[in-house]
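S.K.: sequence first, predicted model second:
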Amino acid sequence: MLNSLFKSYNRLCHFIVAKPIDILHSPFVFKLYQDAKAIHQKSDANVKWSRILTQLPVSKASSIASVLTALNAKHVYQLVQKPTEYCLQALGNTNAGTISLQAIQTPIDAIFIDKETDLKTLPLDVFKTLLNSECPLIINEPYHHLKSKHLWLQFVQQKEIQVAIDFFDFGLCFFNRKQAKEYFKLRLW
């Protein structure tokens, strides 16, 4: 009960503070938002990603699918926390096992991070080498509860993250961007 009140209050605050897309000054974020909005539930790739993401505990699977489609993502992995290390598992390939972060050989288009992952312990230096400037970390439900909200706000302040986009239900973090550090709060389409 308290958690749902907390989430409703934060959603309202986010909606009030979030910028409308037409006043964005970042061409990269503006184009990503416009492309994702135009794709929303219209392409085969978007339908594929929506189907894959609905198998995970994701509240806005179709919106995340639209972003992945706009980024032309083909190789998306989910971060899996093992007792001694972090590993990646390919989304959409249920037969694939996990791969340690250091053993990744294939290109990565995005990494999905579940809401229960402790953002303080993530190896950002490894992510920075795995992802190029067009590829995000996707953080699921950064406002799930009070602790996750504080972890999210601390996480986006770290120097490795150049651009953070907060959609409330999920967040995108980009590394290696050749631009000033920026944090955007946007409304979902």
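M.R.: Received, thanks. Quick caveat: nothing in here was measured; it's all calculated off a predicted structure.
S.K.: and the nearest residue to residue 102 once chain neighbours are set aside, which of the three is it?
M.R.: By the measure of Cβ to Cβ, 6 or more residues apart in numbering, the closest residue to residue 102 outside its immediate chain neighbours is residue 126, 7.4 Å from it. Every residue, glycine included, has its C-beta placed from N, CA and C. Classification of residue 126 using DSSP: H, G, I helix; E, B strand; the rest coil returns helix.
S.K.: could you measure from residue 126 over to residue 118?
M.R.: From residue 126 over to residue 118 the distance is 16 Å, taken as Cβ to Cβ, to the nearest Å.
S.K.: cool, residue 45 as well?
M.R.: Using Cβ to Cβ, residue 45 is found at 31 Å from residue 118.
S.K.: comparing these two, which shows the higher neighbour count?
M.R.: residue 45 (17 against 10; other Cβ atoms under 10 Å).
S.K.: so which helix or strand takes in the residue lying closest to that one once chain neighbours are set aside?
M.R.: Sequence neighbours aside, residue 69 is the residue nearest to residue 45 in space, at 4.7 Å (criterion: Cβ to Cβ, 6+ apart). Element membership for residue 69 (DSSP states H and E) is helix 61-70.
S.K.: packing partners of that helix?
M.R.: Under the contact definition 3 or more Cβ pairs under 8 Å, 6 or more residues apart in numbering; DSSP states H and E, helix 61-70 sits against helix 27-39, helix 44-53, strand 136-140, strand 170-174.
S.K.: which SSE is immediately downstream of it?
M.R.: Past helix 61-70, heading to the C-terminal end, the next element that is a helix or strand (DSSP H and E) is strand 76-81.
S.K.: how far out from the middle of the chain is that following strand?
M.R.: Between the mean C-alpha point of strand 76-81 and the mean C-alpha point of its chain there is a distance of 12 Å (Cα atoms, centre = their mean, to the nearest Å).
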